[in-house]
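Colleague: sequence unknown, structure follows:
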């Protein structure tokens, strides 16, 4: 932390600041220039949280300069993490593809979707059984019934299952039927849920919050990692002023996460754009940027989808996209085109 | 909903769109102009959620034009709601003031704070027993111990208590000790929590999410109102690109909520700005804009606060602020200076 | 500036960083802790701009901690500035009110508007002769003809004139007919225009850019102040994700500007909200927050306005608003309710 | 345009709305449902700008549904535009690469940079002679001297030149020495400059404004296209709440522009991210998303750059990036991996 003093700060003010820092077991270094006086704070950053320096007389502002997460940080874990789910590696050489409908609507719909997902070559079937919806009058999901349908689809196709958990009570049933538990964007800072989901014993995919900074996202991962190292991050678009797209897909988050953390990162161009026409270009872009995989919405009949139909791919579009993604990924590896600069 | 067709849309495309609309029990009206064809949809808006029009051939985009909340809407409840909490009215003529430390840190700290809160004339004591914190290494609150200290402070001062609940399991204890349950910004779309908190039998204050639109906020209130009409809204700043302030306090939300909804609205200038120097001007502004009250952070010794010290008021600043707020509010009523234009 | 080194930075890296800093005539101080090494930079901040520290080996990032503006800064000019325009003080005790139509449309329209403006007690008539419009097909203003109509209205009513200048060529004619030259939000960083407008010899009102930080805004003022100390700032809403309002009016900017700068600040609730219903509550709020005045759109017949009709006040609404603003302002002075905390 | 009436709107209100619409030469269609009444407006959209419907009694709000630009629109020009600059095609099969330092600092610096640019295979040399800088105390460019150095570098290397013009007076000299004139992000809505630059007779590259919507950006292009069809768009990142990156590079803008417009689009990952480590992944991503080219900052010695050093590539990093970009682009064409879905 660096503390910027007000120009008129007195010597007494500065002494008081250093006293508060030192009484927290930290070290203060004073730097005095012609136009500014600043105080640097050195030491174990976890001690800093209880010091409210900005409220001291003579202090203009303070700037935090160290990260508050450790387990998620590449500094403390230089090697990239690979998470294995029933034989499929996430964070390895091949992209992990998760596809399926926004919501599980019926056995027929999910099985039809699963056939398409399988045909295209994805390894994971997605589909919401518990749907967090803005309006209480929107379709909220089939709940446990939906989980059972997902498990049945796994039996039929061999696809692994990823589905969202929205409440602490939902963790046990979701963990029973699913291979990966997903924490949605709206729950990224539902800390009670994060703490509990870490104990479920299965990998967790943590979507970035609608307005979460990368720093907050990695701190949220830290909550889960306290009990469970197998966390996958998922960039799904952030909220900006632009209204043409549903969200603004922040692909630079891929490079940022690879630099700051060792965790694998997946990109969701369906929620990230909200428009089916944009899924292919953004899926290609995500792979080229170094993402470890993709999550996408497909639907056997998008116009009849109970939710998010406008951002779902048809079978034809999905197969075309997967053909491109596989070629692109293979080419980049063969040619050793590594987009990521870690150090 | 209004559906904008692509310029090259065929007659067949338009017929298909109307077919889908009508098969959902809704009515379609076609409008054809020189440069555009649009289809209007009329009927019960709750039926619209299962129609994914944008995915149909020939459709460029669609625009929702009706609100998806009812219970929170002024259309369905023209009279402004007044919520009474132990004899104090929220939404009435006098502003409801909620003040206290960010977190309950100890009996001594809370009792000292409560004395100051009382002295200034606020009716509610705030203080977090469960703290949702970005980093797992930050102080997380005293939990039930903190609730008991709050209840003790009520005994000593007669102040009503408002404190945050962050998990479903926390609802029962918080409802036992607190007069109002607060849902924090990070949990505004924690729908599982919203559904359960509505059943607690006590008023609920719902803070606006960091990146929530006013529409989403009122929809979140709708989740609670299904079981509980006593919802108070709280504007606490939204996330923008500006970094000088912690958040951008959106005071226009007061006027928007008064126009769209019958619910009372409180403003939190402490979180809304993140700087103690800005609390007084924004508190005055909130009152002048027609807010039903204020929530503020004060601390007997801000520089030693375990959290949010830099946005906490000292006793001296708080008493000065309260003096102004009371005068301003009284003057506006005596002079009949009503800022709100409902119709 | 504070430079944060990467954890694996070598001693050689740190030596190179200090070498670059010192060769720019600045001083480097190294702070080394258990988990981080940082280098502080001290000296004349204008020298810092040519040093690209982040590109040196071993550097993680750097944080600027000093302001880059001087003339606009309260540090260098502690006394609040009062600007006098033909006997009217901006920044003094009484709020300066600027009202009128978005655009000058005709003599009849402007004269009708001016009568209303005068009747309500504003001191300034606003009205655009040059309109910067998103679409080239929208009404672009009457240009010099409009300026002459404004000057005529001044003759008839005694109101001072404020109008926008959008190009360097427009400065001379606007300065001839107008009492204050306005730089609009879209031109806040049109540095060529800023440099020239400073030389016009009349006060300049600088609107905040749609996505400008307060720091960038004060830097933009600095461009003008090089030649002209009489700069008035105007907060007019910033662009956020919220779509209910046209912009999000950032009233905390009033307190921020008062703290950081000595310049007067005006608030424009018409552009700031885009909805006529919100102008009164936000005008009251601006006055209560300590703004030095208001800029508002009124129109003798809003529904026929050639631009921005939906955010224009009718005569009746304007007179009601002005009645409240005057009472509120007078009361706050009589009671010495000063919202601003400068130090 | 669609007009949403208030629930309590009277028949008289609706009749008045239709009267206003029809008196503007437009057609009104009324749609009445159980819970809402809406009025659709049909006709030439350029007539709509002078109707301020929202201010009429009984109107809740209105929604624009048609685009206000024509020349830039794919609807009116279905074929993608290819712009030829001295034999190099922008918008064709091969990506157009523009590289060079942020600012022209000296002959030595620019010539050294130009050699590297040439070596990597870019066709255009970039370098600012006029620099729009937030602070008046930052380096503002060598102006005409810089233009001459750029022209000299063209002589030596055969590279085409692109450089920014910031004022109307600067258009003539920039057009004399440069092959493409660039309008920077801060001037995207400097409409006076846009109108004049269209008359310069050379292609213009229009960067997206820091907070511009795609709609506003295409409208800005429309200003130039009135005189000049050769407009190239450049996505360079938008301003969001995220502070880790300098801006958030919005790659979905590539797909959006390809859908809405026929103009070529270039991506600038240097300004878009502000971090040299992120340029390679985002350059790869841009090509994979279907961008027509890239603009990048390189510097022979980034740590000594007078501006933007931290986002500049060294020779080594640039050559590595270009190797990848060329391979990727060639592969996508050979395999016919077209990311863009126009219809």
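Modeller: The structure has been received and is ready for your questions. Worth saying up front: this structure is predicted, and the values here are computed from it rather than measured. Numbers count the residues shown, from 1 in each chain, chains lettered A, B, ... in the order given.
Colleague: how about residue A:199, what does it touch?
Modeller: Residue A:199 sits next to A:227, A:228 when contact means Cβ atoms under 8 Å, 6 or more residues apart in numbering or on different chains. (Glycine included, C-beta is placed from N, CA and C.)
Colleague: can you rerun that using 6 Å?
Modeller: By Cβ atoms under 6 Å, 6 or more residues apart in numbering or on different chains, residue A:199 lies in contact with residue A:227.
Colleague: average pLDDT for the longest helix along chain A?
Modeller: Criterion DSSP state H: the longest helix present in chain A is helix A:315-334. For helix A:315-334, mean pLDDT is 97.
Colleague: hmm, that helix touching chain D?
Modeller: Yes. Interface with chain D: helix A:315-334 contributes A:324, A:327, A:331 (Cβ under 6 Å from any Cβ of the partner chain).
Colleague: relative to helix D:315-334, how tilted is that helix?
Modeller: Here helix A:315-334 points in a direction 140 degrees away from that of helix D:315-334 (axes from the mean of the first three to the mean of the last three Cα atoms, to 10 degrees).
Colleague: show me which residues of chain A sit near chain D.
Modeller: Applying Cβ under 6 Å from any Cβ, we find that chain A lies next to chain D at A:213-214, A:240, A:242, A:244-245, A:248-252, A:255-256, A:273, A:277-278, A:280-282, A:284-285, A:288-290, A:324, A:327, A:331, A:335, A:337, A:339, A:341.
Colleague: could the residues of helix A:315-334 next to chain D go into a markdown table alongside neighbour count?
Modeller: Output for those, formatted as a markdown table (neighbours: other Cβ atoms under 10 Å in any protein chain shown):
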| residue | neighbour count |
| --- | --- |
| A:324 | 21 |
| A:327 | 17 |
| A:331 | 17 |
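Colleague: mind listing the helices for the stretch 51-200 of chain A?
Modeller: Listed in chain order, the helices of the stretch 51-200 of chain A (DSSP state H, counting those that start in this stretch) span A:107-120, A:144-157, A:168-177, A:191-197.
Colleague: quick check: which of those helices is nearest to chain B?
Modeller: The closest of the helices of the stretch 51-200 of chain A to chain B is helix A:191-197. By Cβ to the nearest Cβ, the value is 3.6 Å.
Colleague: check what contacts that closest one and list those residues.
Modeller: Applying Cβ under 6 Å, 6+ apart, the set of residues contacting helix A:191-197 is A:168, A:171, A:181, A:187, A:204, A:223, A:224, B:132, B:166, B:167.
Colleague: residues contacting residue A:174?
Modeller: Contacts of residue A:174 by Cβ under 6 Å, 6+ apart are A:165, A:181.
Colleague: filter the residues of chain A next to chain D by proximity to chain B?
Modeller: Subset of those in contact with chain B: empty, counting by Cβ under 6 Å from any Cβ.
Colleague: got the phi/psi numbers for residue A:243?
Modeller: Main-chain torsions, residue A:243, degrees, to the nearest 10: phi -110, psi -10.
Colleague: tell me how far it lies from residue C:242.
Modeller: 11 Å (Cβ to Cβ, to the nearest Å).
Colleague: which one of those two has more residues nearby?
Modeller: residue C:242 (23 against 11; other Cβ atoms under 10 Å in any protein chain shown).
Colleague: helix, strand or coil: sort out that one for me.
Modeller: Recorded secondary structure, residue C:242: coil (DSSP: H, G, I helix; E, B strand; the rest coil).
Colleague: my read: residue A:340 touches residue A:258, true?
Modeller: Yes. Counting by Cβ atoms under 6 Å, residue A:340 touches residue A:258, with 4.7 Å between them.
Colleague: and these two? Which one has more around it.
Modeller: Neighbours were counted for residue A:340 and for residue A:258 using other Cβ under 10 Å; residue A:258 has more, 25 against 17.
Colleague: how about that one, what does it touch?
Modeller: Going by Cβ under 6 Å, 6+ apart, residue A:258 touches residue A:340.
Colleague: quick one: classify it as helix, strand or coil.
Modeller: Here residue A:258 takes the helix state, with states given by three-state DSSP.
Colleague: tell me how far it lies from residue A:327.
Modeller: Distance, residue A:258 to residue A:327, by Cβ to Cβ: 23 Å.
Colleague: cool, and residue A:285?
Modeller: From residue A:285 over to residue A:327 (counting by Cβ to Cβ), the distance is 15 Å.
Colleague: for residue A:46, report the pLDDT, please.
Modeller: Looking at residue A:46, its pLDDT reads 54.
Colleague: residue A:50 now?
Modeller: On the pLDDT scale, residue A:50 gets 47.
Colleague: near chain B, which residues of the stretch 151-300 of chain A are found?
Modeller: Residues of the stretch 151-300 of chain A lying close to chain B (Cβ under 6 Å from any Cβ) are A:166-167, A:186, A:189-192, A:210-211, A:216, A:219, A:222-223, A:239.
Colleague: now distance to residue B:125 and pLDDT too, for these, in CSV please.
Modeller: Converted to CSV, these look like this (distance: Cβ to Cβ, whole Å; pLDDT from 0 to 100):
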residue, distance to residue B:125, pLDDT
A:166, 32, 95
A:167, 30, 95
A:186, 30, 95
A:189, 26, 96
A:190, 26, 96
A:191, 24, 95
A:192, 24, 93
A:210, 32, 95
A:211, 30, 95
A:216, 29, 96
A:219, 30, 95
A:222, 32, 95
A:223, 29, 95
A:239, 34, 97
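Colleague: and the residues you listed, which is closest to residue D:158?
Modeller: For those, the residue nearest residue D:158 by Cβ to Cβ is residue A:239; the value is 45.7 Å.
Colleague: mind listing the strands for the stretch 1-150 of chain A?
Modeller: Counting by DSSP state E, counting those that start in this stretch, the segments of the stretch 1-150 of chain A that form strands are A:2-5, A:27-32, A:37-42, A:59-63, A:83-85, A:88-90, A:96-100, A:124-126.
Colleague: who touches the residue in the stretch 151-300 of chain A positioned nearest to chain B in this structure?
Modeller: Nearest residue of the stretch 151-300 of chain A to chain B (Cβ to the nearest Cβ) works out as residue A:211 at 3.2 Å. Counting by Cβ under 6 Å, 6+ apart, residue A:211 touches A:239, B:210, B:211, B:239.
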